[in-house]
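Visitor: generate coordinates for the sequence data below:
(2 chains)
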Amino acid sequence: MTNEPNKNVDELLKAYAQKRRQQAGQPLEMHPATRKILQDEVAMLREKSARPSATKPKLLFGLWPRIALGSSLALLVVASVVLLQFRGRQPEPIQVAKHIDAPAAPAAAPALEKAEEPPAQFAAAPVLRRQFARADVADQARPEAELNEFQNILASFRLEQNGHQIRIVDADGSIYEGEIQTTAPTILAKRLAARAAASVGEIGREGEVGTVYSFRVTGTNRRLNQVVVFEGQLIPATRDPRESPLLSLDATKSSVPINEIQGFSGRIQGRATIGGTDELEIDAVPVAP
Amino acid sequence: LLARCRKGDATAWDGFFDLHYAATGRFVFQLHPDFTREDVEEICQETFLSVIKNIESFRGTSQLRTWVFQIAANKARDFRQRLRAAKRGGGHETVSLQASNPETGLTTDPPSAAPAPDAALITEEHMVMVRQALDQLGDPCREIIELRYFADLSYEEIAQALHLNPKTVSSRLSKCLDQLEAILRGAVLQEKSPFSV
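Guide: Now for the predicted structure:
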C-alpha cells in the first residue's frame, strides 16, 4: 500500500508502528497470574458445558420413582381394561358349559330350559297329576284340530302338584311352573263353583264353596316361543272339603292326604297372558288322561 | 488446537496463549502511544478472557489471530474510554498549593503529570497526533488501518476479517489514508508538521 497520494501517510503510519514496537521492548509474556485467571475461566466454562450432559442422567435417576409409579399405574389400567374385556366375553362359553352340564344340574339351567325340564326338587318328589281340558274342547264344541296355535294354548293340559309347587304341562309339552296360594273364595268363584256343580247335576249353593286355591304359573310356549303367564284358581265342585284338591296346603287340615288331587272334580279357571299382550280365558275341567 | 480449546483442554489453551499472546500484546501496544506495558497486559487479559468465552462463536471465516486482534482492538478502545473517563474525573490527588508543610513551612511543589521534557521528543508528539487523527476517523477506517499497519495483516487477511473483497480492502484503505492525511494536514496549521519525521 504505497500509492503515491498516500505515500506520506503510509510512511508515517509505518514509522509510528515501528516506534511503538521499539518502545514495547521485549515481547510480552503472559504473567502466571494472568494465565491462572484464564485457565480458571476455561475450567469453569468446561464444567458449565459438561453440566447439561451430566444433568440428564441425574434427572432421570432422580425421577425414577415417579417414572416407575407412572408405568405401574399405566400397566394396571391396561390390565384392568383387558380383564374387563375378557370377562365381558366369558358368559358365552360359560353358558355353553351350562347347556352341556344341564342334565347334571338342571337347577342352574336358564329360564327357558327350566320351563321344559322339571326342577330337581319337583321331579324327585312324588308328583300328583290330573288331566284337564278346556271346557269348549272337552265338550267337543270346538274340535282341537280346528284351533289355531294361539287357541291351542292350554286347550288340554296336565296339572302336577308337589306341595306348594304346581306345574302345568301343556299338550305340546310346554311347561308352566309356579306356586299355589290359598285364598278366600271370591263371589265370582262361588258363582262359578255353583254353576259348575249344577252342570254336573249337583245342586250348588252360593256360599257353600270351600277354600279357593289360586296359582300363578309361567313358562314358554314351545310352539309360539312366547312367555305364557297363567293365573287361575282351583275351584272345588262341592262344599265337601274332601274334594279340595290341595288340602294338605292348609295348615289346619294337614292330615288330609295330598294325593286327593287325584279325585279333584272341580274346575280350573283363569286367564292366560301370552307374550305379555294377548289374553286367553281358561275354563278347564278334569278329563280322563 | 482450536477443537481442543473448544473442548476445554487446559493444555491446548496454554498453547493458544503462547501462540497469540505476544503478538496480541504487540498489536495492542501500537494502538495508542500512551499505552504502557501494564495497560497492554490488562487489555490482553480482557481480550483472552473474551476469546475463551466466545471461542464457540468463531466460525473460521478469518484467521484466528485476526479474530483475536479484532477483539483486542475493541478491548483497547474500551480501555481508553475508561482512561479518559478517569482523567475527566481528575485521576490525580488534589493538592493545595497554598498549604505549607508543617515541618518545613514551605509550600508544596507537586510534580507534573505530563511527560518529562526529555521524553517529550518530537516523534512522540507526532505519534500523538497520528493517534488523534486516527481517532477522528470513523470506525471502519480506523479498523482497517490498525489491522493493516499495527497487526501487519495482508489485504487477504483483512478481507477475511472484515468479510470484504481484497480489492475492496485496497480501495477502502486508500480512501481511509486520504482521510487521515487530510486530518493530519489540518493539524499542520496548528502544530508542527508530522510529515517532517
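
Visitor: contacts only, for the spatially closest residue to residue B:79 that is not a sequence neighbour.
Guide: Once flanking residues are discounted, residue B:79 sits nearest to residue B:43: 5.1 Å by Cβ to Cβ, 6 or more residues apart in numbering or on different chains. Where you see a C-beta, it was placed from the backbone N, CA and C, and this is true even at glycine. Contact partners of residue B:43, counting by Cβ atoms under 8 Å, 6 or more residues apart in numbering or on different chains, are B:28, B:35, B:72, B:75, B:76, B:79.

Visitor: just to check, the fifth one is in contact with residue B:35?
Guide: It refers to residue B:76. Yes. Assessed by Cβ atoms under 8 Å, residue B:76 is found in contact with residue B:35 at 7.4 Å.

Visitor: give the residues shared as contacts by the two.
Guide: Shared contacts of residue B:76 and residue B:35 (Cβ under 8 Å, 6+ apart): B:28, B:43.

Visitor: what about the residue lying closest to residue B:136 once chain neighbours are set aside, how many residues close to it?
Guide: Leaving aside its sequence neighbours, residue B:136 sits nearest to residue B:183 (Cβ to Cβ, 6+ apart; 5.2 Å). Using other Cβ atoms under 10 Å in any protein chain shown, residue B:183 is surrounded by 18 other residues.

Visitor: and the lowest-mean-pLDDT helix or strand in chain B, what does it pack against?
Guide: Least confident helix or strand of chain B, by mean pLDDT, DSSP states H and E, is helix B:122-136 with a mean of 78. Helix B:122-136 sits against helix A:7-24, helix B:139-145, helix B:166-188, with contacts defined as 3 or more Cβ pairs under 8 Å, 6 or more residues apart in numbering or on different chains; DSSP states H and E.

Visitor: go again with 7 Å.
Guide: helix A:7-24, helix B:166-188 (3 or more Cβ pairs under 7 Å, 6 or more residues apart in numbering or on different chains; DSSP states H and E).

Visitor: buried ones in it?
Guide: When burial is assessed from 16 or more other Cβ atoms under 10 Å in any protein chain shown, helix B:122-136 yields the following buried residues: B:125, B:126, B:127, B:128, B:129, B:130, B:131, B:133, B:134, B:136.

Visitor: which ones are touching the fourth one?
Guide: Looking back up the chat, that one is residue B:128. Going by Cβ atoms under 7 Å, 6 or more residues apart in numbering or on different chains, residue B:128 touches residue B:33.

Visitor: over to the first one?
Guide: Residues in contact with residue B:125, defined by Cβ under 7 Å, 6+ apart, are absent; none qualify.

Visitor: and it, how far from residue B:131?
Guide: According to Cβ to Cβ, to the nearest Å, residue B:125 stands 11 Å off from residue B:131.

Visitor: identify the contacts common to the two.
Guide: With Cβ under 7 Å, 6+ apart, residue B:125 and residue B:131 have no common neighbours.

Visitor: now stretch B:146-164: how far from the chain's centre is it?
Guide: 16 Å (Cα atoms, centre = their mean, to the nearest Å).

Visitor: which outside residues touch it?
Guide: Contacts of stretch B:146-164 (Cβ under 7 Å, 6+ apart): A:1, A:13-14, A:17, B:27, B:30-31, B:61-63, B:66, B:69-70, B:73, B:144, B:165-166, B:169-170, B:173.

Visitor: 8 Å instead, please
Guide: A:1, A:13-14, A:16-17, A:20, B:27, B:30-31, B:61-63, B:66-67, B:69-70, B:73, B:134, B:143-144, B:165-166, B:168-170, B:172-173.

Visitor: now, of the residues you listed, which are buried?
Guide: For those, a neighbour count by 16+ other Cβ under 10 Å gives the buried set as A:1, A:13, A:16-17, A:20, B:27, B:30-31, B:62, B:66-67, B:69-70, B:73, B:134, B:143-144, B:169-170, B:172-173.

Visitor: burial of residue B:2, as a residue count?
Guide: By other Cβ under 10 Å, 12 other residues sit near residue B:2.

Visitor: while we're on the residue nearest to it when sequence neighbours are not counted, how confident is the model there?
Guide: Setting aside the residues directly before and after it, residue B:2 is nearest to residue B:64 in space (Cβ to Cβ, 6+ apart), at 6.5 Å. At residue B:64, the pLDDT value in this model is 86.

Visitor: repeat that for the one 3 residues further on.
Guide: Looking at residue B:67, its pLDDT reads 89.

Visitor: the nearest residue to residue B:165 once chain neighbours are set aside sits in which helix or strand?
Guide: Closest residue to residue B:165 apart from its sequence neighbours, by Cβ to Cβ, 6+ apart: residue B:159 at 6.1 Å. Assigned by DSSP states H and E, residue B:159 belongs to helix B:155-162.
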